[in-house]
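**Q** Quick one, fold the following:
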Amino acid sequence: MSGRLTTHVLDTSMGKPAAGMRVQLWRLETSADGAKTLLRETFTNEDGRLDAPLLEGETFAAGTYELTFGVGDYYRGLAHAVFLEGVPVRFQVSDPESHYHVPLLVAPGGYSTYRGS
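**A** A predicted model of the protein is given here:
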């Protein structure tokens, strides 16, 4: 089995998946300038998940990545006051043959994340 990168977003303030949230995947370069390359931009579905992995197979390589979640736009769409804008989650992939799942638990005033399974 080849590796893959997945995510999902749960809105803990509403007790439900965060549908329609923009998710951007960036690859960070190891050069001194720290350049970032946008690899993918997509939106969560009704279950707060993506319809396909962000990366898988040969496109999934070791390196440093960043997921940026469009939390501000999501909460503006729900007519909530916005504190958080884009929430970045930077992580390291050392074994591209593994499944990396990076979920986000979010509320209008805070968030948490972890490496899921």
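
**Q** Quick check: chain neighbours aside, which residue is closest to the spatially most central residue of the chain?
**A** For the chain, the residue lying nearest the average C-alpha position, counting by CA atoms, centre = their mean, turns out to be L67 (4.0 Å). In space, L67 comes closest to V89 once its chain neighbours are excluded; the distance is 4.7 Å by CB to CB, 6 or more residues apart in numbering. Just so you know, the C-beta spots here come from the backbone N, C-alpha and C atoms, and that holds for glycine as well.

**Q** who's in contact with the one you found?
**A** The neighbourhood of V89, defined by CB atoms under 8 Å, 6 or more residues apart in numbering, consists of E66, L67, T68, F69, V102, L104, T113.

**Q** Pipe those into JSON lines and attach distance to H8 and secondary structure per row.
**A** What follows is the contacts of V89, written out as JSON lines (distance: CB to CB, whole Å; DSSP: H, G, I helix; E, B strand; the rest coil):
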{"residue": "E66", "distance to H8": "17", "secondary structure": "strand"}
{"residue": "L67", "distance to H8": "11", "secondary structure": "strand"}
{"residue": "T68", "distance to H8": "15", "secondary structure": "strand"}
{"residue": "F69", "distance to H8": "11", "secondary structure": "strand"}
{"residue": "V102", "distance to H8": "9", "secondary structure": "coil"}
{"residue": "L104", "distance to H8": "8", "secondary structure": "strand"}
{"residue": "T113", "distance to H8": "11", "secondary structure": "strand"}
